[in-house]
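A.B. asks: Prediction below, plus the sequence it came from.
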Amino acid sequence: MSGTTPEEASAALAAVRHAQSTVAGEIGLPRGYWWGLGLAWVGFGAIAELGNPWVTTVATAGFGMVHSVIASRMLDGRRRSEQVRVSAATAGRRTPIAVVSMLVALVALTLAAALAFDADGAGHPSLAAGVLVGAITGFGGPELLRGARRLFRA
Amino acid sequence: MTGRFDELIHPSTRLTLMATLAAADWAEFAFLRERLGMSDSALSKQLATLEEAGYVATERRLDGSRHRLRARLTPTGRTAFEGHVAALRAITDLAGTTP
């Protein structure tokens, strides 16, 4: 067919896989998303300290709307870089599931941290929990998402 | 997918370039240059060859004061790439080589 030996064909296929995994390595969300989310987390902690259910409800609804607009564009994980748009086939369908599951886990962590701070007698447990989880999100969001994608085989 | 060995794609640099573009909707020149470790002139030459064959389409976009080149596979290029990969798999399968 081509004079190509099985070894050469095997090496060529390995090169193809390597090139495609390089592009797959670009799956994720932009750094700004994680920092924005981290700041929102701190904001929620501060709002919760006010103890006003109306303010908390309005802030939650506002965050939900803003996040849904952003997420509808970014949650597929194909737009982390401005230099490449990962194809839908490469990104797979499970990346949004991994992101949403990660957000749910961060909410659970925030609640647990706030309860722990409160039990420890901290002055502003909600704010402290918000700062803690906000920092985790801002600094470690991309790494956490990588772990979540592995977990969900996304 | 029926295998169709493509001599134009097979050289390692072009195969890597096609594989990278096949995994993306589009990629910028700078991304391809960095990931493939190629010089500007070498990458331009390979893109021109693939574009001439109708496998790749390029587009210049103005970003501020700078022009940025985006490349993407055409449907013809994607079919050729997938056919070539299928042909490579057929070769390894026939020989019982694990790819």
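C.D. replies: Received, thanks.

A.B. asks: Can you report phi and psi for the residue most central in space within chain B?
C.D. replies: In chain B, the residue lying closest to the centroid (C-alpha atoms, centre = their mean) is residue B:18, at 1.6 Å. When read as degrees, to the nearest 10, the backbone of residue B:18 gives phi -60, psi -40.

A.B. asks: Now do it, the pLDDT please.
C.D. replies: According to the prediction, residue B:18 has pLDDT 97.

A.B. asks: what does residue B:13 give?
C.D. replies: The model's pLDDT for residue B:13 equals 93.

A.B. asks: same check, this time on residue A:65
C.D. replies: Reported pLDDT for residue A:65: 82.

A.B. asks: picking up where we left off before, quick check: the residue nearest to the centre of chain B touching residue B:76?
C.D. replies: No - with contact defined as C-beta atoms under 8 Å, residue B:18 does not count as touching residue B:76 (11.8 Å). Heads up, the C-betas are built off the backbone N, CA and C, glycines and all.

A.B. asks: shared neighbours of those two, anything?
C.D. replies: residue B:55 (C-beta atoms under 8 Å, 6 or more residues apart in numbering or on different chains).

A.B. asks: any idea which helix or strand carries the residue lying closest to residue A:19 once chain neighbours are set aside?
C.D. replies: What sits nearest to residue A:19 in space, not counting adjacent residues and going by C-beta to C-beta, 6 or more residues apart in numbering or on different chains, is residue B:19, at 3.7 Å. According to DSSP states H and E, residue B:19 maps onto helix B:12-22.

A.B. asks: same check, this time on residue A:117
C.D. replies: helix A:95-119.

A.B. asks: does any part of the helix or strand just after that helix sit near chain B?
C.D. replies: Counting by DSSP H and E, the next helix or strand C-terminal to helix A:95-119 is helix A:125-151. No - using C-beta under 8 Å from any C-beta of the partner chain, helix A:125-151 stays clear of chain B, coming no nearer than 15.8 Å.

A.B. asks: packing partners for helix A:125-151?
C.D. replies: In terms of contacts (3 or more C-beta pairs under 8 Å, 6 or more residues apart in numbering or on different chains; DSSP states H and E), helix A:125-151 is packed against helix A:31-50, helix A:95-119.

A.B. asks: now that helix against helix A:95-119, angle please.
C.D. replies: Helix A:125-151 and helix A:95-119 meet at an angle of 150 degrees, taking axes from the mean of the first three to the mean of the last three C-alpha atoms, to 10 degrees as the criterion.

A.B. asks: avg pLDDT for helix A:125-151?
C.D. replies: Rounded mean pLDDT across helix A:125-151 is 89.

A.B. asks: again, but for stretch A:68-79
C.D. replies: Per-residue scores along stretch A:68-79 average to 77.

A.B. asks: can you give me the end-to-end distance of that stretch?
C.D. replies: End-to-end distance of stretch A:68-79 (C-alpha to C-alpha, to the nearest Å): 16 Å.

A.B. asks: List of residues touching it?
C.D. replies: A:27-30, A:33, A:36, A:85-88, A:91, A:95-96, A:99-100, A:145, A:149, A:154, B:25.

A.B. asks: List only those of those residues flagged as buried.
C.D. replies: A:27-29, A:33, A:36, A:85-87, A:91, A:95-96, A:99, A:145, A:149, A:154, B:25 (16 or more other C-beta atoms under 10 Å in any protein chain shown).

A.B. asks: quick one: which two of those are the most distant?
C.D. replies: Within the buried ones among the contacts of stretch A:68-79, A:36 and A:87 form the most distant pair, 25.9 Å apart (C-beta to C-beta).

A.B. asks: Can you check which of the helices and strands packed on helix A:125-151 gets nearest to residue A:9?
C.D. replies: Between these, helix A:95-119 lies closest to residue A:9; by C-beta to C-beta that is 31.5 Å.

A.B. asks: Alright, I will stop here.
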